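**Student:** curious how this folds, go ahead:
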Amino acid sequence: MPSIKIEFTPKLLETLTFDKQVVGVTPTGRPKLVDRPDDVSSWWIRDSRVNGLMLRLTEGSTTWIVRRKMGGKVKPRAMGHYWLKKAAEDLLTLDQARERAHIWLGLMAQGIDPLQVKKSRLQENALAEERAQLTLGVAMRRYIEATQRKAKAGTTDDREKVEKWMHRAPIWSVPVAELNRDHVEGALGPLLRRALGERVAHPGWGPKGTSAGSFKKVYAWCAAAWIRGARTLGLPSGRGEGPFAMWRADQKWPKGKRKGDEVLLDTESVTGKAWLQNLVRLQAEAHNPDILTNRPDPRSKEMKPHTGVLLDYYLVVLIIGTRKTETALLRWSDVDFEKRLIRLDEENTKSGALGVVPMTEWVEQILRARRAFNERWRPDHPSPYVFPSRIHGKPISNPGGVLTQLQELTGLKVRTHDLRHTMATAIGSEADLKKAAALALASIALHHGGKGRAMIGGATPLYLHQQAEALRDIFQRREDKLRAIAGLDVPERQQEDPTDAFIDQIVDNPELQRRFFERMAGKK
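**Tutor:** Numbers count the residues shown, from 1 in each chain. Purely as a prediction, here's the structure:
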């Protein structure tokens, strides 16, 4: 049935219902109504005052439509609703509908689709609202949430530290689109000068002690959050663009420690020997059964069960040179006493690749004693972690108290990562290899590399086990030397040049040989 043309009035619109269909007009201009047939799901009427304005009625809505030729075809376009069963923002009165119809019909006469114009305006409004709401603080939170699945736990922790440090800074509430170089200077300038060693008052945000490393974290993650937010808004964010990069270009930058400048634990020095001997002494005291039997008051200064976990942890790091996080996250399922190997899960290694370390004799003793101690400590709550936290089911997270205690005893300040570099230096010197081979060997021993790299990328578990076996004698020599310095008995062993032992391993192993020489060829 064709639609009926009738003059729309507010009174008419109020009386229209879907079930009473308009089928004509009386001589006096009143609508003729009939019961809607069951097979009619919608019907239309046209406004006699505005040519092209129509109403479409269905069971749940009454919709304003404009209809005219556009691009050679007659096309209907919905402008909004007069009535809708559900709540809606696009409800139009008769006057509003006629006013909008004139505009939309005029656009259609020019070949312009009013729906596309409406969509563009909605997008512009949404972008404007996003520009106003997307502050640097919001951008940082979105950045952390968007990247935490792929990022290492330590990286996410660093980003959240920066978020915590900077949330009081005025820059945190500045929209990304409005942020400029002056904002960056106001927030990061005082932190930079503190990192450079200048006497500047703490601004009230940022890390308490602003070292070069902590400042660089603040700059890096704030800049990264801004870049991600700017890209969301379609702002220029390429290399050298944006307020952070512009500000950075004009600054004197603090020099952090370069690789090779790290502090080493010199076990040949008096203080180095004292540090190691005190570590071993405290570790032995921490395994006294009385600690578990008597259970000292947690508030006392007496040695507690958890202290032994920390001391074992640092002794293992010193001997085998594993990283802080990958050692803390070791599970008993990673420890193979039968094959005397320790596996480093790719989820925990910095390189993102599986690693395997030979388990030396002293390390095996430490780990077996640690497992027995853990079982006696918490028989009802066995932990999957080798080095459990005081919080049940968690690994240790902040073991630095032991290093502070050793510093007080010896005057020597040592960081966890320094123990790893001590291992690297000892391996290179004890192996007595040529410079290139020493670098390659140390890199293998410390499981450097990553996906796609020569030594670790794509390596099979069998290859990694073979690699660990090739290094066992070198690790054992290193361990024996530490035992001697600590004043412990050292088993007599047949003296063998570790270089020869390593070469013997790769001569009969084409895969290990290929990877070894690929790594050597890649060294500069």
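
**Student:** so, low pLDDT: which residues of the stretch 151-300 of the chain?
**Tutor:** Residues of the stretch 151-300 of the chain meeting the criterion pLDDT under 70: 256-264, 295-300.

**Student:** again, but for the chain
**Tutor:** In the chain (pLDDT under 70), the answer is 1-2, 256-264, 295-302, 351, 421, 423-461, 463, 494-524.

**Student:** what about the longest strand in it?
**Tutor:** Selection of the longest strand in the chain by residue count, based on DSSP state E, yields strand 73-84.

**Student:** packing partners for that strand?
**Tutor:** Counting contacts by 3 or more CB pairs under 8 Å, 6 or more residues apart in numbering; DSSP states H and E, the secondary-structure elements packed against strand 73-84 are strand 53-57, strand 61-70, helix 94-109, helix 114-133. For glycine as for every other residue, the C-beta is placed from the backbone atoms N, C-alpha and C.

**Student:** got the contact list for it?
**Tutor:** For strand 73-84, the external contacting residues (CB atoms under 8 Å, 6 or more residues apart in numbering) are 13, 54-56, 60-69, 88, 90-94, 97, 100-101, 104, 108, 113-115.

**Student:** please redo it, this time with the cut-off set to 7 Å
**Tutor:** Residues outside strand 73-84 that contact it (CB atoms under 7 Å, 6 or more residues apart in numbering) are 13, 55, 61-68, 88, 90-92, 97, 100-101, 104, 114-115.

**Student:** what about residue 343, which helix or strand?
**Tutor:** Assigned by DSSP states H and E, residue 343 belongs to strand 341-344.

**Student:** quick check: buried residues in the longest helix belonging to the chain?
**Tutor:** In terms of residue count, the longest helix belonging to the chain (DSSP state H) is helix 461-485. For helix 461-485, the neighbour count (16 or more other CB atoms under 10 Å) marks 463-480, 482-483, 485 as buried.

**Student:** quick one: that helix to chain centroid distance?
**Tutor:** 34 Å (CA atoms, centre = their mean, to the nearest Å).

**Student:** next one: stretch 6-17
**Tutor:** Taking CA atoms, centre = their mean, one finds the center of stretch 6-17 at 60 Å from the center of the full chain.

**Student:** and if you look at stretch 395-409?
**Tutor:** Taking the mean of its C-alpha atoms, stretch 395-409 sits 27 Å from the chain's own mean (CA atoms, centre = their mean).

**Student:** likewise for stretch 366-385?
**Tutor:** Stretch 366-385 sits 31 Å away from the centroid of its parent chain (CA atoms, centre = their mean).

**Student:** ends of it, what's the gap?
**Tutor:** Start and end residues of stretch 366-385 are separated by 14 Å (CA to CA, to the nearest Å).

**Student:** ok, now how distant is residue 46 from residue 107?
**Tutor:** Distance of residue 46 to residue 107, given as CB to CB, to the nearest Å: 20 Å.

**Student:** distance of residue 283 from residue 407?
**Tutor:** For residue 283 relative to residue 407 (CB to CB), the value is 16 Å.

**Student:** more neighbours, these two?
**Tutor:** More neighbours surround residue 283 than the other of residue 283 and residue 407, with 21 against 13 (other CB atoms under 10 Å).

**Student:** what sits against that one?
**Tutor:** 311, 312, 315.

**Student:** the helix or strand where the last one lies: what's the following helix or strand?
**Tutor:** It stands for residue 315. Per DSSP H and E, residue 315 falls inside helix 305-320. For helix 305-320, the following helix or strand on the C-terminal side (DSSP H and E) is helix 324-328.

**Student:** what is that following helix packed up against?
**Tutor:** For helix 324-328, the packing partners by 3 or more CB pairs under 7 Å, 6 or more residues apart in numbering; DSSP states H and E come out as helix 305-320.

**Student:** so for the helix it packs on, what gets flagged as buried?
**Tutor:** Within helix 305-320, the residues scored as buried using 16+ other CB under 10 Å are 305-320.

**Student:** direction included, what does the strand holding residue 343 pair up with?
**Tutor:** Strand 341-344 sits in its sheet next to strand 335-336 (antiparallel), strand 355-358 (antiparallel), going by DSSP bridges.

**Student:** same list (those strands) but as TSV, adding mean neighbour count.
**Tutor:** Formatted as TSV, the strands paired with strand 341-344 follow (neighbours: other CB atoms under 10 Å):
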stretch	mean neighbour count
strand 335-336	16
strand 355-358	24
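
**Student:** please name whichever of these is nearest to residue 163.
**Tutor:** Closest of the strands paired with strand 341-344 to residue 163 is strand 355-358, at 30.8 Å (criterion: CB to CB).

**Student:** got the angle between the helix or strand following the closest one and helix 305-320?
**Tutor:** Counting by DSSP H and E, the next helix or strand C-terminal to strand 355-358 is helix 361-377. For helix 361-377 against helix 305-320, the angle by axes from the mean of the first three to the mean of the last three CA atoms, to 10 degrees is 160 degrees.

**Student:** how about whichever helix or strand comes after helix 361-377: buried residues?
**Tutor:** Downstream of helix 361-377, the first helix or strand assigned by DSSP H and E is helix 401-410. Using 16+ other CB under 10 Å as the test for burial, helix 401-410 gives 402, 403, 405, 406, 410.

**Student:** before we move on, the earlier item: looking at the contacts of residue 283, which is nearest residue 3?
**Tutor:** Nearest member of the contacts of residue 283 to residue 3, counting by CB to CB, is residue 312, at 86.1 Å.

**Student:** wait, what's in contact with that closest one?
**Tutor:** Residue 312 makes contact with 283, 366, 370, 387 under the criterion CB under 7 Å, 6+ apart.

**Student:** ok, now how distant is the first one from residue 309?
**Tutor:** I take that to be residue 283. Distance of residue 283 to residue 309, given as CB to CB: 10 Å.
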